[in-house]
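Colleague: Quick one: sequence and predicted model below, then my questions.
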Amino acid sequence: MDKDWIPLNPDPAHVARERRKARELRQSNWWKALLQRGECHYCHKRFSASALTMDHIIPVSRGGTSTRGNVVPACDHCNKSKRHLTPAEQALRALEENGELSELTPDDLLDTFEEQ
């Protein structure tokens, strides 16, 4: 997958606001309890609380928000490999890496997402 195909033109005011909200959310008991569970949202491996980071499912650079419904604990490897991708883009990347994407037609992709 071409790494340059995703346009990133984040609004600086939105990014600053959401980063500030993320810092506040990191101090909440809700977030601290998630960290204490010690599980990466993506790979489900166990880590110490200090080894987990806050990941925005829909990245702030893509318009995501720093709310409970959009942040999850992630290990460093998963957070870095996800980067600025949305969940749909992650799924497409996985299909491509497995060599399955080139075999699918647009109708196949629609069927896949409708089944979920």
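Modeller: Nice, thanks for sending it over. Numbering: from 1, shown residues only.

Colleague: how about the helices in the protein?
Modeller: Counting by DSSP state H, the segments of the chain that form helices are 12-26, 29-37, 76-82, 87-97, 106-115.

Colleague: and the angle from the second one to helix 12-26?
Modeller: With axes from the mean of the first three to the mean of the last three Cα atoms, to 10 degrees applied, the angle from helix 29-37 to helix 12-26 works out at 70 degrees.

Colleague: in helix 29-37, what's buried?
Modeller: By 16 or more other Cβ atoms under 10 Å, the buried positions in helix 29-37 come out as 31, 34-35. All C-beta atoms are positioned from the backbone trio N, CA, C, and that covers glycine.

Colleague: mind giving me TSV with these and columns for distance to Thr53 and pLDDT?
Modeller: Shown next, in TSV, are the buried residues of helix 29-37 (distance: Cβ to Cβ, whole Å; pLDDT from 0 to 100):
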residue	distance to Thr53	pLDDT
Trp31	11	98
Leu34	12	96
Leu35	10	97
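
Colleague: Averaging pLDDT over each of the helices of the chain, report the lowest-scoring one.
Modeller: Within the helices of the chain, confidence is poorest for helix 106-115, with a mean of 62 (mean pLDDT).

Colleague: Run through who's touching stretch 59-67.
Modeller: For stretch 59-67, the surrounding residues in contact (Cβ atoms under 8 Å, 6 or more residues apart in numbering) are 8, 10, 14-15, 18-19, 21-22, 24-25, 56-58, 70, 83-86.

Colleague: Tell me the gap between that stretch and the middle of its chain.
Modeller: Stretch 59-67 sits 10 Å away from the centroid of its parent chain (Cα atoms, centre = their mean, to the nearest Å).

Colleague: So for it, first residue to last residue, what's the gap.
Modeller: 12 Å (Cα to Cα, to the nearest Å).

Colleague: Over to stretch 56-65?
Modeller: End to end - Cα to Cα - stretch 56-65 spans 7 Å.
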